[in-house]
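[1] Need coordinates for the following:
(chains A and B)
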Amino acid sequence: MEKKDIIQSFKDSLFTGLIALALFGPIVGLRTSSKGEGLFITPQWGVVFLLVGLCILGRFLINLNSARKTEITFFSKFTSKFSAITEDKAKHFAITAILFAVVFPFLPFTDRYFMDVAIMILTYIMLGWGLNIVVGLAGLLDLGYVAFYAVGAYSYALIATTFGWSFWICLPLAGVFAAFFGILLGFPVLRLRGDYLAIVTLGFGEIIRIILINWYEVTNGPDGITGIPRPSFFGLPFKRSPDEGETSFHLFFNLEYSTMHRIIFLYYLILVLALITNYFTLKIRKLPVGRAWEALREDEIACKSLGVNPTNTKLTAFAIGAMFGGFAGSFFATRQAFISPESFTFIESAIIVAIVVLGGMGSQTGVVLASIFLIGITEMFRDLEQYRMIAFGGAMVLIMVFKPKGILANRKPTILMHGDKK
Amino acid sequence: MLKISNVETFYGKIQALRGVDLDVNDGEIVSLIGSNGAGKSTLLMTISGVNKAKRGNIVFNGENIENKQPHKIVDMGICQVPEGRRIFSRLTVEENLRLGAHANEKGKYFENDIKEVYDLFPVLSDRKTQRGGTLSGGEQQMLAIGRALMSKPKVLLLDEPSLGIAPKLVNQIFLSIKNINKEKNVTIFLVEQNAKKALELADRAYVLVNGKVTIKGSGQELLKNKDIQAAYLEGGAKN
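    Purely as a prediction, here's the structure:
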């Protein structure tokens, strides 16, 4: 490396330091604290200098590396391992992952916390798969997917608390309601594409949330709905002491009572729901309607000229995607036993879209990997409290840097030729 | 078979077609030539229902189609190969072809139809599992034509099949258009800027200027027409 380069990178890193100073100075350097009367500003220049110094050093090191034109070995290893995950291997991965998911609750290290995280990841996987129908297959960017999640959750909660029907009756009803809302959203946005569609769906998501907050008589407003019935194991409730004339799960199977039973049941429930979503998507891709979705994503005019009816095609995509969102919503309601509009904010939609996009649009396995990566990382840094969102952002940036088209960007053909396997 | 009378189409306030009259008879190859912006593609889009005519009638086999939705028109047997091919680039060749059969029997796919397309364009058969986007321009054009044939059309509307394609392949494509017409008995309505090729192929032809048909006649007649030679044949070569 030449001397000129070193001076150049040193200048560059000093400039970085200047930006860092401008940013950290006011934000970190000036701390307000209330002592007695009024606010006082306490400067913390020490911390600022430390941060600025770190930025300068970091930038300098990066410059040195790039000037030498050698890739950082750690990173390149990382990427090559990532690219090795192709759709071919994805099949083996899928089988292994499902097997692992099935035995997961009985592994020795699995505790309550792990189970909760796993249930959360599976919920997001299911939502991701549901949204994948709309975004990945039909190419309709929907930023308000959480609306259907909310409709499903509220339908389930209201039906279950009002009529006292069991989970297995309420679940399909919630799905139907969500699908209905999917069509409701679909109609006004039929003519929109891309950015415009995204804006309207974003608005739709907010409208649903605001209705939930303000329609006090029905939704109980910001207080939410409490006492949502827990699911029962085909009629056997998970209770320590069942009511008169009832048998509970642990008595029926002669087990000692444990709260884990219900958690494990919930885990399998969401696993099965998610796998149904996946199976459905894989099947429908091979049917004319699924193929029409993909064609619509590629080129709408060509679709019209070939006799594909874009109206019906878009509406089915919205309806079916919404239906799975609704299923996931009912699961969420029954798991939490309490729901309020706060659970259905825009950030949820954003996370689900991020999972689909980062997974590689339209890739089912990609959704799984992205969910584990994004939700898992955010959970790992839970101790950092609100700063864990930095980890979330970091995970996104990492995926976009190393796999700009998503973790699994290759589209798998729906027709494989008999005879000419390659 | 297809009778267009006094059709006017607008884009907002801009009038693209100013009263077009044109017929296509059963079994014919009819070419429509004209310069950029004459309204050729607009006319095709109006026939297939993607753009709507503000005035005038389009009658296909005795039925008015000017107010029908595009997919209904495809069901009736008019299929368009759009300008710039517009194949589904992330889908494989075979998937593209299956989508062509979407209108036919609600997307039921017929081995035989696919085989016929592969017989017509053997190169597609070699590339069945390849993504549409990885094909060359000429192969994409073949795919687009094959895809349209999958809907078993009575009339095939072709929009500039020679656009952006190597000259050698252009000959091959025009030859296959002729084959489709003669052997499969599909009526062809061809829109082209490559006037020489289009007129040589056509039984009858029309010239469209500023949204109006100015000259019509048999392909051979138009090839010999002095005005056309000046405007579209020799004149084009001179610049």
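
[2] Quick check on residue A:236: phi, psi?
    The phi/psi pair for residue A:236 (degrees, to the nearest 10) reads phi -100, psi 110.

[3] which residues touch it?
    A:247-249, A:252 (C-beta atoms under 8 Å, 6 or more residues apart in numbering or on different chains). In this view, the C-beta of every residue, glycine as well, is placed from N, C-alpha and C.

[4] and it, what are its bridge partners?
    residue A:233 (DSSP bridges).

[5] what does the model give it for pLDDT?
    We note a pLDDT of 81 for residue A:236 in this prediction.

[6] quick one: it from residue A:167, how far?
    Distance, residue A:236 to residue A:167, by C-beta to C-beta, to the nearest Å: 12 Å.

[7] Distance check, residue B:33 against residue B:219.
    Using C-beta to C-beta, residue B:33 is found at 10 Å from residue B:219.

[8] shared neighbours, the two?
    Joint contacts of residue B:33 and residue B:219 (C-beta under 8 Å, 6+ apart) are B:199, B:205.

[9] Domain ranges for chain A, per the record?
    Chain A breaks down by automatic domain parsing into domains covering A:3-70, A:81-402.

[10] Going by mean pLDDT, which of those comes out lowest?
    The bottom spot among the domains of chain A, by mean pLDDT, belongs to domain A:3-70, with a mean of 79.

[11] can you list contacts of the lengthiest helix in chain B?
    The longest helix of chain B (DSSP state H) is helix B:167-183. Outside helix B:167-183, the residues within contact range by C-beta under 8 Å, 6+ apart are B:27, B:29, B:120-121, B:136-138, B:141-142, B:145, B:149, B:156, B:158, B:161-162, B:165, B:186-188, B:190, B:194, B:197, B:201.

[12] same thing with stretch A:374-381?
    A:117, A:120-121, A:124, A:351, A:354-355, A:358, A:387-392, A:394-396.

[13] which of those are buried?
    A:117, A:120-121, A:124, A:351, A:354-355, A:358, A:388, A:391-392, A:395-396 (16 or more other C-beta atoms under 10 Å in any protein chain shown).

[14] Find the nearest non-adjacent residue to residue B:133, please.
    Distance criterion C-beta to C-beta, 6 or more residues apart in numbering or on different chains; nearest residue to residue B:133, sequence neighbours excluded, is residue B:89 at 3.1 Å.

[15] Any idea how many residues pack against that neighbour?
    By other C-beta atoms under 10 Å in any protein chain shown, the residues close to residue B:89 number 15.

[16] cool, residue A:364 as well?
    Counted with other C-beta under 10 Å, the neighbours of residue A:364 add up to 24.

[17] count of neighbours near the residue nearest to it when sequence neighbours are not counted?
    Distance criterion C-beta to C-beta, 6+ apart; nearest residue to residue A:364, sequence neighbours excluded, is residue A:278 at 5.6 Å. Residue A:278: 21 surrounding residues under other C-beta under 10 Å.

[18] What segments of the stretch 201-350 of chain A are strands?
    Ranges of strands in the stretch 201-350 of chain A, per DSSP state E, counting those that start in this stretch: none exist.

[19] Over to chain B?
    Along chain B, counting by DSSP state E, strands occupy B:2-11, B:14-24, B:29-33, B:55-60, B:63-64, B:78-81, B:155-159, B:187-192, B:204-209, B:212-218.

[20] To chain A, which of those lies closest?
    The closest of the strands of chain B to chain A is strand B:78-81. By C-beta to the nearest C-beta, the value is 4.2 Å.

[21] So is that closest one next to chain A?
    Yes - counting by C-beta under 8 Å from any C-beta of the partner chain, chain A is contacted by strand B:78-81 at B:79-81.

[22] ranking these by neighbours, who comes first?
    Greatest neighbour count in the residues of strand B:78-81 next to chain A, by other C-beta under 10 Å, goes to residue B:80: 32 neighbours.

[23] which ones are touching that residue?
    Residue B:80 is in contact with A:305, B:44-45, B:47-48, B:148, B:156-159, counting by C-beta under 8 Å, 6+ apart.

[24] rerun that using 7 Å as the cut-off
    By C-beta atoms under 7 Å, 6 or more residues apart in numbering or on different chains, the contact list for residue B:80 reads A:305, B:44, B:48, B:148, B:157, B:159.

[25] now that we have those residues, which one has the most neighbours?
    In terms of neighbours by other C-beta under 10 Å, the contacts of residue B:80 top out with residue A:305 at 31 neighbours.

[26] so who does the residue nearest in space to the middle of chain B touch?
    The centroid of chain B falls nearest to residue B:158 when counting by C-alpha atoms, centre = their mean (1.1 Å). Each residue near residue B:158 by C-beta under 7 Å, 6+ apart is listed here: B:81, B:177, B:188, B:190-191.

[27] and the two most separated of the residues you listed?
    Of all pairs drawn from the contacts of residue B:158, the widest gap by C-beta to C-beta lies between B:177 and B:191 and measures 12.1 Å.

[28] Which one's more surrounded, those two?
    More neighbours surround residue B:191 than the other of residue B:177 and residue B:191, with 26 against 22 (other C-beta under 10 Å).

[29] which one of the domains of chain A is the most hemmed in?
    Here the criterion is mean neighbour count by mean count of other C-beta atoms under 10 Å in any protein chain shown, and of those the winner is domain A:81-402, at a mean of 19.
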